[in-house]
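Q: need coordinates for the following:
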Amino acid sequence: MARSTVPRADATGVAEAPLWRAAAAFRLVTVLYVVGFQLVVQDRYDAPRLSWLFVVVTVIWSGIAAVSTLTTPARRPVVVADQMMTPALICSTLLVASPAWRQDHQVLPTTIWVANAVIGAAVLGGPRAGLASAAVMTAAIAVVRGTVDGELWRDSTGPVLLSVGLALGLAARTARLARSRLDEAVALAAATAERERLAREVHDGVLQVLAMVSRRGHEIGGAAAELADLAGSQEAALRALLSGSATGRTDGTADLAALVRAAVGTRAVVSAPSEAVVLRASAASELAAATLAAVDNAHRHGGSDVHVFVLVEDLGDEVMVTVRDDGAGMAPGRLDEARAEGRLGVSGSIVGRTAAIGGRARVDSRPGEGTEWELTLPRTAPTPR
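A: Numbering: from 1, shown residues only. Model (predicted):
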């Protein structure tokens, strides 16, 4: 099953925490700058006492916003309120300063403090929210200063705020995605460890029983051979299932070559491309199970001295797995006879599995010349339901 690429809420909160701490520290520095700037320019305002009132409001709101974003998981209301409070404080400059002053100097409560609202929007909502907030603040400053014309582009306020919104928005989004990927990797590692533990337990019990039934059934022959084929098929499927989860990827795909190597182990010599042969995970698991069934079949009927070779090929529009052995081979029509007799072990585990995922299986075998299976799967094969 493909995992979602949307960061989970818990991962988002953990990833954003350092950014919110940095934003709170920046807000504290800007508040100190606001107070210092007020001490320098208070006598130049038309209403210095009123300007101090707005500075006090700025300090109080800064404390509320900083503490809330650090201690409250639900930061959206604080950020939204900040988007309304900041333009209001910018517009308060109209009440305390003359038009000439506003045109040549910073607005209340200083441009650098205004950047806090842009930072909050960017961290919470990403680059788009950061840019939107920066545009609103730039427009409010331009209206208060009376520079809604060509003079607007002679001031660096707008470009600086837009750059802050874009850069921090991208940083926040990257941090969230990185944290989400890390959590997925940790979860995958835990699942793999658990699957390996279960695999060891299953190997010590179920797999050994299936292997013994398969071996003894073929030794006895007759009706027991059909049971042996079924036991061998289930053993192959279970081995592929246990090995397949360890090679899954976070996007619902899997490396077929890695699955095949894990499934067949030392039973065959596997050759594959150096790069991953990527298929959807369900199809790759089934194709690996069919490959393992072909390898087991070669060992079952080829004797102890048989050599098995597996070749995994990525042909672009399709992938092909070739299983070849140097065993005794089989007579033409042997599979058809087995199918007619109701013995569906090879047909079900190799031909049936490959056909079920939209692929095809072809066998070429002659007495004394070994057997070669070709399992081919188009990349556009429909997903089984």
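Q: show me what the host helix or strand of A25 is packed against.
A: Of the helices and strands defined by DSSP states H and E, A25 is found in helix 9-41. Using 3 or more C-beta pairs under 8 Å, 6 or more residues apart in numbering; DSSP states H and E as the contact definition, the elements that helix 9-41 packs against are helix 48-71, helix 111-125, helix 157-202. Any C-beta I mention is one placed from the backbone N, CA and C, and that applies to glycine too.
Q: tabulate these (CSV), appending mean neighbour count.
A: Formatted as CSV, the entries for the helices and strands packed on helix 9-41 read as follows, by neighbours: other C-beta atoms under 10 Å:
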stretch, mean neighbour count
helix 48-71, 16
helix 111-125, 25
helix 157-202, 16
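Q: that older thread, quick one: mean pLDDT over the helix holding A25.
A: For helix 9-41, the per-residue pLDDT values average out at 84.
Q: now stretch 160-176
A: 90.
Q: ok now that stretch, how far from the chain's centre?
A: Taking C-alpha atoms, centre = their mean, to the nearest Å, one finds stretch 160-176 lying 21 Å from the centre of the chain it belongs to.
Q: what's the weakest-modelled helix or strand in the protein?
A: Taking mean pLDDT, DSSP states H and E as the measure, helix 345-346 is the helix or strand of the chain with the lowest mean score, a mean of 59.
Q: after it, which helix or strand is next?
A: Elements were assigned by DSSP H and E; along the chain past helix 345-346, the next helix or strand is helix 353-356.
Q: next structured bit after that following helix?
A: By DSSP H and E, the next helix or strand past helix 353-356 is strand 360-365.
Q: buried ones in that following strand?
A: By neighbour count with 16 or more other C-beta atoms under 10 Å, strand 360-365 contains the buried residues A361, V363, S365.
Q: out of these, which comes closest to T174?
A: A361 (45.3 Å; C-beta to C-beta).
Q: surely the closest one touches V351?
A: Yes - with contact defined as C-beta atoms under 8 Å, A361 reaches V351; the gap is 4.6 Å.
Q: could you list the residues in contact with stretch 355-371?
A: Outside of stretch 355-371, the residues within contact range by C-beta atoms under 8 Å, 6 or more residues apart in numbering are 282-283, 286-287, 290, 297-298, 302, 324-332, 334-335, 350-351, 354, 372-378, 381-382, 384.
Q: state the mean pLDDT of that stretch.
A: On average, stretch 355-371 scores 88.
Q: can I see the domain layout of the chain?
A: The chain breaks down into these structural domains: 9-180, 221-378 (assignment by automatic domain parsing).
Q: for the ones you listed, give me JSON lines that also has distance to T192.
A: Supplementary listing: these in JSON lines, determined by distance: least, C-beta to C-beta, whole Å:
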{"stretch": "domain 9-180", "distance to T192": "18"}
{"stretch": "domain 221-378", "distance to T192": "5"}
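Q: now the weakest link among those, please, by mean pLDDT.
A: Comparing mean pLDDT across the domains of the chain, the weakest is domain 221-378, with a mean of 80.
Q: helix, strand, or coil at V321?
A: Taking DSSP: H, G, I helix; E, B strand; the rest coil as the rule, one finds V321 in the strand state.
Q: repeat that for A276.
A: Look at A276: counting by three-state DSSP, its state is coil.
Q: touching, it and R261? I think so.
A: No - using C-beta under 8 Å, A276 is not in contact with R261, being 11.7 Å away.
Q: phi first, then psi, for V107.
A: phi -80, psi 160 (degrees, to the nearest 10).
Q: how about the contacts made by the nearest residue to it once chain neighbours are set aside?
A: Using C-beta to C-beta, 6 or more residues apart in numbering and skipping the chain neighbours, the partner closest in space to V107 is T93 (4.3 Å). T93 sits next to R102, V107, L108, V144 when contact means C-beta under 8 Å, 6+ apart.
Q: burial measure for the closest residue to A283 other than its chain neighbours, as a count.
A: With sequence-adjacent residues excluded and distances taken as C-beta to C-beta, 6+ apart, A283 is closest to I357, at 4.6 Å. In terms of burial, I357 registers 22 neighbours under the definition other C-beta atoms under 10 Å.
Q: now swap in G146 and tell me
A: Close neighbours of G146, defined as other C-beta under 10 Å, add up to 12.
Q: surely it meets D104?
A: No - the pair G146 and D104 fails to qualify as a contact (C-beta under 8 Å) at a distance of 10.5 Å.
Q: ranking the contacts of T93 by neighbours, who comes first?
A: In the contacts of T93, the most neighbours by other C-beta under 10 Å go to L108, 27 neighbours.
Q: let me know whether it touches F54 as I believe.
A: Yes - using C-beta under 8 Å, L108 is in contact with F54, at 5.4 Å.
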